[in-house]
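Chemist: What follows is a predicted structure for the sequence shown.
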Amino acid sequence: MNFEDQIRDFSKQVKFSADFGKLAPFNNIIISGMGGSGISGNIFSEIYDKAPVQVVSDYNLPSYADENTLFIGISYSGNTEETISAAREAIKKNCQIRLITSGGILSELGQETVIVPKGFQPRAALGYLLKPFLNTFISSDESIYADISRLLLEMESDNSKEKEIAKLIFQKNSIPYVLGFPPFRWVAYRWKTQFNENSKILAFSSYFPELDHNDAIPMKLTYGKDNFSFLVFGGSTGQIEKRVRYTSEVTSTDFITVEPKGKTLLEKLFYLIHAGDYISYHLAKLREIDAEDVSVITELKDRLKS
Ligand code: F6R
C-alpha cells in the first residue's frame, strides 16, 4: 500500500472493533510506547480520567508499578527495544498486561495481545493503535465511530484546505509551531511529530494555557519570528478562547487557525489528527520529499542492535 493509501485508511481504522477484553480491577495504568505507537497512549491519557495514567517513553517502569497496575505496551512493529524492555519489566513485576502490536518480539511474550494489521508505517496505523483504548475505556458504540469515519472520509476525498495550509508553511519557508489546548495537547504534539517524520522538517508544539507563561514571551519579539508558521486549533471556548485571541494580539503574531469539524470531542479529536496527517503529507510533496521514508530511524535502531 503506498503511503497516501495508508493515510487514507484512517477512516477505516476508526471502525476497528478490538478491545482489551475483560480486565481485573487495577489502581493505575502505565502505557509504554515510542513515536508513532506511543502517541496513541498519550492521546488516550488526555481524555481518560477514571484512574491515574502514566505514559512511559523509556526502557524502565516507575517503581510504583506492581500487581495493581494495568500495563499496556504498544509497538506497531513489536520490535522497539524500549517497549520490549518495559513489557519484560511489567511481566517481572506481575502487572496485569495488555499489548498492541502487528507482530515481532512483543507478540511472542505470551501475553494478551491485540494484533493489528501489518503493512503500515506505525504513524499511519494510529487508528488501529488508539481504538482498543477507546473501545475499552471510552465507548464501544459503533455508531459513534461510523459518524467519525464519515467525517474523515470527507477529508480523504477533499483535502484541499489542508493543502492550502501546507502551501502557506512552504511559501514562507517556515518551521511549523503547533499550538494546542486541552484535550488536544497531544494532538498538537502528534502534528509536530508528523511534520518531523512526513515532511522531514523540524517542528515545535506547545499548548494553552501553559504557553502563555513562556512561549508567549519570544513570540512578541520580532527576531526570528518570520521563521515560523504558528498553527492553532480552532474551537476553543471560555478562557482558552480569550487566551488564543489575546496572545495573538499582545504578541502581534498571526496564527493560522485550523477549525475542527464535528460536534463531539471524539469527532474533533479524530478530525484534527487527520488534518495534521494531510498538512504534513502535502508539505512533504511540496518539498519534493518522500513522506514515507524513515530510514534515519531504521539506521538508529539497527546500530543500537549491534
Ligand atoms: C514510523 C514511526 C516511528 C515508530 C517508532 C517506534 O512510522 O512512526 O515513530 O513508531 O520508531 O516503532 P514502533 O511503532 O514499531 O514501536
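Modeler: Perfect, I can see it now.
Chemist: Neighbours of the closest residue to residue 130 other than its chain neighbours, how many?
Modeler: Distances taken as Cβ to Cβ, 6 or more residues apart in numbering place residue 40 nearest to residue 130, at 4.1 Å, with adjacent residues excluded. Glycine gets a C-beta too; all of them are placed from N, C-alpha and C. Using other Cβ atoms under 10 Å, residue 40 is surrounded by 29 other residues.
Chemist: can you tell me the helix or strand for the nearest residue to residue 261 once chain neighbours are set aside?
Modeler: Spatial nearest neighbour of residue 261, excluding adjacent residues (Cβ to Cβ, 6+ apart): residue 271 at 5.0 Å. In this structure, residue 271 sits in helix 265-286 according to DSSP states H and E.
Chemist: pretty sure residue 81 contacts residue 32?
Modeler: No: contact criterion Cβ atoms under 8 Å: residue 81 and residue 32 do not qualify, at 11.4 Å.
Chemist: For the two, indicate the residue with more neighbours.
Modeler: Between residue 81 and residue 32, counting by other Cβ under 10 Å, residue 32 is the more crowded of the two (30 against 14).
Chemist: Quickly list what that one is bridged to.
Modeler: Residues in a beta bridge with residue 32, per DSSP bridges, are residue 56, residue 73.
Chemist: Now do the same contact list for it.
Modeler: Residues near residue 32 by Cβ atoms under 8 Å, 6 or more residues apart in numbering: 38, 41, 55-58, 61, 71-74, 82-83, 86-87, 90.
Chemist: Go back to the residues you listed and keep what's next to the ligand.
Modeler: Restricting these to those touching the ligand (Cβ under 6 Å from any ligand atom) yields residue 83.
Chemist: Of the contacts of residue 32, just the buried ones, PyMOL syntax please.
Modeler: Applying 16 or more other Cβ atoms under 10 Å to these leaves a buried subset, and the PyMOL line that selects it is:
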select buried, resi 38+41+55+56+57+61+71+72+73+74+82+83+86+87+90
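Chemist: Looking at the contacts of residue 32, spot the one nearest the ligand.
Modeler: Lowest distance from the ligand to the contacts of residue 32 (Cβ to the nearest ligand atom) belongs to residue 83, with 5.6 Å.
Chemist: Is that closest one in contact with residue 36, as I believe?
Modeler: No: counting by Cβ under 8 Å, residue 36 is not a contact partner of residue 83; they are 11.9 Å apart.
Chemist: sorry, back to before: contacts for the helix or strand where the residue nearest to residue 130 lies next, please.
Modeler: Secondary structure from DSSP H and E places residue 40 in helix 35-47. Outside helix 35-47, the residues that touch it by Cβ under 8 Å, 6+ apart are 31-33, 53-55, 57, 72, 74-76, 80, 83, 100, 121-126, 129-130, 133-134, 137-138, 182-187, 189-190, 193, 197, 265, 269, 273, 297.
Chemist: Counting only helices, which of the residues you listed make the cut?
Modeler: Secondary structure from DSSP state H places 83, 126, 129-130, 133, 185-187, 189-190, 193, 197, 265, 269, 273, 297 of those in helices.
Chemist: the domain parsing of this structure - what is it?
Modeler: Listed domain ranges for the chain are 18-139, 143-286 (source: automatic domain parsing).
Chemist: would JSON lines of those with mean pLDDT be doable?
Modeler: Listed next are the domains of the chain as JSON lines, based on pLDDT from 0 to 100:
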{"stretch": "domain 18-139", "mean pLDDT": "98"}
{"stretch": "domain 143-286", "mean pLDDT": "97"}
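Chemist: Mind checking those for the one nearest to residue 8?
Modeler: The closest of the domains of the chain to residue 8 is domain 143-286. By Cβ to Cβ, the value is 4.8 Å.
Chemist: surely the residue nearest to residue 261 meets residue 154?
Modeler: No: in this structure, residue 271 is not within contact of residue 154 by Cβ under 8 Å, at 9.3 Å.
Chemist: between those two, which one's more packed in?
Modeler: Set residue 271 next to residue 154 and count neighbours by other Cβ under 10 Å: residue 271 wins out with 23 against 13.
Chemist: The ligand contacts on the protein?
Modeler: Neighbours of the ligand within the chain, by Cβ under 6 Å from any ligand atom: 34-37, 75-77, 80, 83, 121-123, 197, 294, 297.
Chemist: Report the buried members of these.
Modeler: Among these, the ones that count as buried (16+ other Cβ under 10 Å) are 34-37, 75-77, 80, 83, 121-123, 197, 294.
Chemist: so what does the helix holding residue 271 touch, helix or strand wise?
Modeler: Helix 265-286 sits against helix 3-8, helix 10-13, helix 35-47, helix 142-157, helix 160-171, helix 185-197, strand 255-258, with contacts defined as 3 or more Cβ pairs under 8 Å, 6 or more residues apart in numbering; DSSP states H and E.
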